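Q: Build me a model from this:
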Amino acid sequence: MTAVFTVVGVTHIQQETFQGLEELVGLVRNADLTGVQLRPGVPGGRFLCASADGVEFTAVHYEGDVRTRGVYTSRVSLGVRTFQRGQVTQWGETALPGDVFVMPGGGEHEDLVAGQVSYAVLSFDVSALVELGCGEAWEGDRGIWERPHKYRAPAHVRDGICRSIRQFTHLLAGHMGAMSERRLESFQKDLAETFLSGIVFATDEPEAPGKYRSARLVRAVEDWVAAMAPEPVRIADVCGQLGVSRRSLERAFHETLNMGPAQYLITKRLSEAHLALATADPRAVSVTDVAIDHGFWELGRFAARYVQMFGEKPSETLHRSMNTRLDSQEDLGLANCA
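A: The predicted model follows:
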């Protein structure tokens, strides 16, 4: 079954179920693949592909014992397994859920799946990544896109990557509804950042030296983020503006505040969302609108963080804003009658 859904700036969202290795290989667009089935049975599963403005996201779940080889297209691809049961390897290396594989354009592909696997691939031209605002921070590390490599972050980071990718896949599978250009760009940035975080927090690479001393860099970030309010700001935006590598930024925040920049930006966006809810008209705005406008795609986690931070549900803030508005109107009416 195939579904095509057009929204602002999106070419299409394609969903299919498939049976047989040939059907799977035929669906993959970011590589020219051939496959060999290693065990009896009919490999089958689900396929989703969404493309927009030079960025393509593919999510696949299938079961079978197969080996695939081939050559990637000219685009760079980042691959992540989000679930696996059985043996899964890439280039002969054991893969764990949340590992990020960098697959350069024109590079060789080779993997083995014996069991069940869910994986996602983000394919892009580096120029498209820069246009999204996620590429400037990597300008000093352009070699990353030119060599195949596996990046393994700590377990909690890998768990977060898998969880976020599953959420993005769920949203796309539900077609998300019509999106404004601003929301589409925000969605693409957050999707790219999810994949890139596996490289940023990888423990198998030495950290690069920072441009600023830690305390000075933190202050510069705080000042710049404050000046950008109320627009959502992402870590890649900060890196690009201040000319500092992502790893140096992480080290600076932890050394200075015992808190990473991501946590800082989340706290900032929560505060902005709280203000928006507190001043909004619930007849025209919903909690979902405010959450998505401030970059929170996982609404359950947004609500949990919101309650932890502000001691009430987002809906309570929104409804209280309506009550405050009505009270102010009543007071104004009484004053006019006096």
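
Q: Tell me where the stretch 101-250 of the chain has helices.
A: Using DSSP state H, counting those that start in this stretch, the helices assigned to the stretch 101-250 of the chain run over residues 126-131, 155-173, 181-200, 214-228, 235-242, 246-257.

Q: can you redo those helices as TSV with mean pLDDT, distance to Q308 and mean neighbour count?
A: In short, each C-beta sits where N, CA and C put it, glycine included. TSV is the format used below for those (pLDDT from 0 to 100; distance: least, C-beta to C-beta, whole Å; neighbours: other C-beta atoms under 10 Å):
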stretch	mean pLDDT	distance to Q308	mean neighbour count
helix 126-131	72	33	17
helix 155-173	93	17	18
helix 181-200	85	21	20
helix 214-228	80	21	15
helix 235-242	86	22	21
helix 246-257	82	19	19
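
Q: Between those, which one is closest to A52.
A: Nearest of the helices of the stretch 101-250 of the chain to A52, taken as C-beta to C-beta: helix 181-200 at 6.6 Å.

Q: can you give me the offset of that closest one from its chain's centre?
A: 4 Å (C-alpha atoms, centre = their mean, to the nearest Å).

Q: likewise stretch 243-261?
A: Distance of stretch 243-261 from the chain centroid (C-alpha atoms, centre = their mean) equals 20 Å.

Q: Check stretch 239-249 too.
A: Here stretch 239-249 is found 19 Å from its chain centre; the criterion is C-alpha atoms, centre = their mean.

Q: Then stretch 291-302?
A: That offset, for stretch 291-302, works out to 12 Å (C-alpha atoms, centre = their mean).

Q: again, but for stretch 307-324
A: Distance, centroid of stretch 307-324 to centroid of chain: 27 Å (C-alpha atoms, centre = their mean).

Q: circling back to that earlier point, quick one: closest of the helices of the stretch 101-250 of the chain to V71.
A: helix 126-131 (18.5 Å).

Q: so who does W224 touch?
A: V233, V238, Q241, L242 (C-beta atoms under 8 Å, 6 or more residues apart in numbering).

Q: orientation of the helix or strand harbouring Y264 relative to helix 235-242 in degrees?
A: If you go by DSSP states H and E, Y264 is part of helix 261-279. With axes from the mean of the first three to the mean of the last three C-alpha atoms, to 10 degrees defining the directions, helix 261-279 sits at 110 degrees from helix 235-242.

Q: and A284, how many neighbours?
A: Using other C-beta atoms under 10 Å, A284 is surrounded by 7 other residues.

Q: Next one: it relative to V244, how far apart?
A: Plainly put, A284 is 40 Å away from V244 if you go by C-beta to C-beta, to the nearest Å.

Q: tell me, what residue is most central in the chain?
A: The structure's the chain has its C-alpha centroid closest to L191; by C-alpha atoms, centre = their mean the separation is 2.5 Å.

Q: List the contacts of the closest residue to that residue other than its chain neighbours.
A: Excluding the flanking residues, the one nearest L191 by C-beta to C-beta, 6 or more residues apart in numbering is F168, at 5.5 Å. Contact analysis of F168 by C-beta under 8 Å, 6+ apart lists F57, F187, D190, L191, T194, W297.

Q: Count residues in the vicinity of G20, would you?
A: Neighbours of G20 (other C-beta under 10 Å): 14.

Q: swap in G300?
A: Neighbour count of G300, defined by other C-beta under 10 Å: 9.

Q: gap between it and S77?
A: 30 Å.

Q: How about A215?
A: From A215 to S77 the distance is 38 Å (C-beta to C-beta).

Q: quick one: contacts for W297?
A: Q167, F168, L171, F187, D190, A291.

Q: Can you convert those residues into TSV and add a column each for distance to P261?
A: Below are the contacts of W297 laid out as TSV (distance: C-beta to C-beta, whole Å):
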residue	distance to P261
Q167	22
F168	22
L171	25
F187	21
D190	15
A291	21
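
Q: Surely L299 touches D289?
A: No. L299 is not in contact with D289 according to C-beta atoms under 8 Å; the separation is 10.9 Å.

Q: So Q308: helix, strand or coil?
A: Here Q308 is recorded as helix under DSSP: H, G, I helix; E, B strand; the rest coil.

Q: What separation is there between it and A273?
A: 13 Å.

Q: same thing with V113?
A: Distance from V113 to A273, by C-beta to C-beta: 40 Å.

Q: who has more neighbours, Q308 and A273?
A: A273 (27 against 9).

Q: In this structure the more buried one contacts R305, no?
A: No. A273 is beyond contact range of R305, at 9.6 Å (criterion: C-beta under 8 Å).
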